[in-house]
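A.B. asks: Kindly return the folded structure for what I paste below:
(chains A and B, ligands or ions: 3)
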Amino acid sequence: MASKLSAAFRALAFGLVALFAASSLPALAQQPTSVNPTAQSVKEEQLLQALKPGAPVAGRISIPDKQAANLIQPGRDWRAFNQETLPRLGAYSLIGIAILLAVFYMMRGKIRIDSGLSGMKILRFGALDRFTHWLTATSFIVLAITGINVTFGKIVLAPVMGPEAFAAWAGFAKLVHNYVGFAFMAGVLLTFLIWVKDNIPSAVDVQWFAAGGGLIGKGHPPAKRFNGGQKIIFWSVVVGGFLLSLSGWHLLFPTAESIEHVQWQATLHGTTSFVMIAIIIAHIYIGSVGMEGAFDAMGSGEVDLNWAKEHHSLWVEDVMKGKRPAGHAAPQPAE
Amino acid sequence: MARMKFLCDADRCIECNACVTACKNEHEVPWGINRRRVVTINDGKPGERSVSMACMHCTDAPCASVCPVSCFYTTADAVVLHSKDLCIGCGYCFYACPFGAPQYPKTSNFGSRGKMDKCTYCAGGPEADGSQAELDKYGRNRLAEGKLPLCAEMCSTKALLAGDGDIIAQIYKERVAKRGYGSGAWGWKVAYKETVAL
Ligand code: HEM
Ligand code: SF4
Ligand code: SF4
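C.D. replies: Ligands and ions are numbered 1, 2, ... in the order given. Here you go, the predicted model:
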């Protein structure tokens, strides 16, 4: 902030010196008898031009609110983003993913367990795994609904509910969004900590993708605890969740920093949220209607052995050989 | 109907802050909120100028556009007002405003900004003109009494002009023509997409 301000001052000073030099040359030649105030008058136009585009015209202020020292912040870019680009991006991503999944479901149907149910269960996700998953998942859904309300509520809900009822709901949704954000941050952090070691990309993933993964290909390419597709979801949640948390945090305290910075954070937050919502809808699809037996992993934590063998063959082998414990049942000593 | 505007003649403003004080007092604006402020450009350097700034009551106002609960409205005098009953204190109008006009009372430690407050052009809010409810939420409604904003009325050097845009632009133009210089109608291009030709 301080350096930005001093840079702005330097730019101002530079513009002024140039201005002063230009206008005082003829005056010097004439030996002025009276003071010519025009020579030093600072013009808004010149200030705006001397600054880099989008930077505010700032000065000194005698009230404690230092942000009020910004006089003019030119440009209405963020408004255009917020009212045109973001709703368009949101609508395209939501409608797009819905169409994509519907088409996929019609073509591929529910992915069955090829060898049928074995009747034997294997523990896939222990209590800590499932707690982490559902903490992140429920908070994400609540944040997505209350967040989408900020973007689309006034277009979709307000005409139906009327302005007063909609404002009451939006006020409630805003509070929920602001507080549940912290649960989501905790969820993303836990997700990263407990699963990162099983999500490092490896050569197995390359073969898995080359064979068309579990969705497009016919067979079942081998995979460890998490297959290539799941690793993509993992890293999207970690990176996307981090960006949402970071930008969301800044939006909670908007008066603490410069306005360009806040606009930037709001842009990042809105964009990331719609990308993430589309990814997570696809994730929910595969974990429920899209694939037989998948939901159990995060439901009871135990999956059918045949399902596990088909989708995570290498992981089953490791568990069977006792190389690793199933799930995250108990805390383990550092390896 | 008139198209109300503000114009600060920066070559006259002496940074006395009388407009700021008058506004705070007239509307009993709470501590920490300033509907109007004076910013000094090039402080202590040649060409120093002070500009009194508040909500400019923009044409096609950005705040109104981004508000997620659409609580802004523009009066017949082109004054941009909002409803504190509908406002949820989300902060978006503050992100969008080119002049940093929207302010928020701190109601708790985080997340819950209070309802937005800004300059009303001394024109109150959606409540009945001159009612107690209007006074409590938005301050005095001088416009309904046929008076202009107090900041401009109080201005000791008549730097700050308020009134119909065409008339105050004319006054400013005459001043500039007479004294031979003028630093321009600050904020007009951004707020009204037009400026005073000098
Ligand atoms: C991680 C913690 C998060 C925090 C602290 C946070 C905070 C915020 C804040 C302060 C706003 C401004 C509006 C308001 O006050 O309600 C906002 C808007 C929004 N948030 Fe979040 N948020 C978080 C996570 C998320 C997540 C996970 C999603 C979606 C999946 C999301 C989606 C949105 C959307 C769509 C908007 C509206 C964007 C716009 O229309 O400009 N947020 N968020
Ligand atoms: S100055 Fe700011 S608050 Fe006032 S009308 Fe313009 S955008 Fe809205
Ligand atoms: S703070 Fe209030 S007035 Fe401003 S955009 Fe949010 S709801 Fe609208």
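A.B. asks: going forward, measure contacts between C-alpha atoms and count neighbours the same way
C.D. replies: OK.
A.B. asks: how much space between the closest residue to ligand 1 within chain B and chain A?
C.D. replies: At 4.6 Å from ligand 1, residue B:90 is the closest residue in chain B, using C-alpha to the nearest ligand atom. Residue B:90 sits 7 Å away from chain A, going by C-alpha to the nearest C-alpha, to the nearest Å.
A.B. asks: pLDDT score for that residue?
C.D. replies: Residue B:90 is assigned 91 on the pLDDT scale.
A.B. asks: Next: the one 5 residues further on.
C.D. replies: Per-residue confidence at residue B:95 stands at 90 (pLDDT).
A.B. asks: Show me how far the one helix or strand it maps to is from its chain's centre.
C.D. replies: Residue B:95 is located in helix B:92-96, with elements delineated by DSSP states H and E. The chain centroid and the centroid of helix B:92-96 are separated by 15 Å, computed with C-alpha atoms, centre = their mean, to the nearest Å.
A.B. asks: which other residues reach the helix or strand that that helix is followed by?
C.D. replies: Downstream of helix B:92-96, the next assigned helix or strand under DSSP H and E is helix B:132-138. Contact partners of helix B:132-138, identified using C-alpha atoms under 8 Å, 6 or more residues apart in numbering or on different chains, comprise B:27, B:84, B:117, B:120, B:124-128, B:140-141.
A.B. asks: How about helix B:132-138, which residues are buried there?
C.D. replies: Judged by neighbour count using 16 or more other C-alpha atoms under 10 Å in any protein chain shown, the buried positions of helix B:132-138 are B:134-135, B:137-138.
A.B. asks: how about a markdown table for these, with distance to residue A:78 and pLDDT added?
C.D. replies: Output for these, formatted as a markdown table (distance: C-alpha to C-alpha, whole Å; pLDDT from 0 to 100):
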| residue | distance to residue A:78 | pLDDT |
| --- | --- | --- |
| B:134 | 32 | 94 |
| B:135 | 33 | 94 |
| B:137 | 29 | 93 |
| B:138 | 28 | 95 |
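A.B. asks: Tell me how far residue A:138 lies from residue B:182.
C.D. replies: 60 Å (C-alpha to C-alpha, to the nearest Å).
A.B. asks: Tell me, how many residues neighbour residue A:204?
C.D. replies: 16 (other C-alpha atoms under 10 Å in any protein chain shown).
A.B. asks: Next, the contact list for it, please.
C.D. replies: A:222-224.
A.B. asks: Residue A:241 now?
C.D. replies: Contacts of residue A:241 (C-alpha under 8 Å, 6+ apart): A:185, A:188.
A.B. asks: helix or strand for it, which one?
C.D. replies: Using DSSP H and E, the element containing residue A:241 is helix A:228-252.
A.B. asks: near ligand 3 at all, that helix?
C.D. replies: No. Using C-alpha under 6 Å from any ligand atom, helix A:228-252 stays clear of ligand 3, with a minimum separation of 12.2 Å.
A.B. asks: neighbours of residue B:103, just the number please.
C.D. replies: 23.
A.B. asks: what sits opposite it in the beta ladder?
C.D. replies: residue B:117 (DSSP bridges).
A.B. asks: And stretch B:136-145, what's buried?
C.D. replies: Residues of stretch B:136-145 classed as buried: B:137-143 (neighbour count, 16+ other C-alpha under 10 Å).
A.B. asks: Now render the residues you listed as JSON lines, adding distance to residue A:156.
C.D. replies: What follows is these, written out as JSON lines (distance: C-alpha to C-alpha, whole Å):
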{"residue": "B:137", "distance to residue A:156": "29"}
{"residue": "B:138", "distance to residue A:156": "30"}
{"residue": "B:139", "distance to residue A:156": "33"}
{"residue": "B:140", "distance to residue A:156": "35"}
{"residue": "B:141", "distance to residue A:156": "34"}
{"residue": "B:142", "distance to residue A:156": "37"}
{"residue": "B:143", "distance to residue A:156": "36"}
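A.B. asks: any chance of the residues you listed in JSON lines, plus distance to ligand 1?
C.D. replies: JSON lines is the format used below for these (distance: C-alpha to the nearest ligand atom, whole Å):
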{"residue": "B:137", "distance to ligand 1": "22"}
{"residue": "B:138", "distance to ligand 1": "23"}
{"residue": "B:139", "distance to ligand 1": "26"}
{"residue": "B:140", "distance to ligand 1": "29"}
{"residue": "B:141", "distance to ligand 1": "30"}
{"residue": "B:142", "distance to ligand 1": "33"}
{"residue": "B:143", "distance to ligand 1": "33"}
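A.B. asks: between residue A:138 and residue B:182, who's got more neighbours?
C.D. replies: residue B:182 (21 against 15).
A.B. asks: is it true that the more buried one touches residue B:13?
C.D. replies: No. Residue B:182 is not in contact with residue B:13 according to C-alpha atoms under 8 Å; the separation is 11.9 Å.
A.B. asks: so what sits against both of those two?
C.D. replies: With C-alpha under 8 Å, 6+ apart, residue B:182 and residue B:13 have no common neighbours.
A.B. asks: now the strands for chain B?
C.D. replies: For chain B, applying DSSP state E gives strands covering B:4-8, B:36-41, B:49-54, B:72-74, B:80-82, B:160-164.
A.B. asks: possible to save the ones you listed as JSON lines with distance to ligand 1, mean neighbour count and mean pLDDT?
C.D. replies: Shown next, in JSON lines, are those (distance: least, C-alpha to the nearest ligand atom, whole Å; neighbours: other C-alpha atoms under 10 Å in any protein chain shown; pLDDT from 0 to 100):
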{"stretch": "strand B:4-8", "distance to ligand 1": "30", "mean neighbour count": "25", "mean pLDDT": "96"}
{"stretch": "strand B:36-41", "distance to ligand 1": "25", "mean neighbour count": "25", "mean pLDDT": "93"}
{"stretch": "strand B:49-54", "distance to ligand 1": "24", "mean neighbour count": "25", "mean pLDDT": "93"}
{"stretch": "strand B:72-74", "distance to ligand 1": "17", "mean neighbour count": "18", "mean pLDDT": "96"}
{"stretch": "strand B:80-82", "distance to ligand 1": "18", "mean neighbour count": "24", "mean pLDDT": "97"}
{"stretch": "strand B:160-164", "distance to ligand 1": "34", "mean neighbour count": "21", "mean pLDDT": "96"}
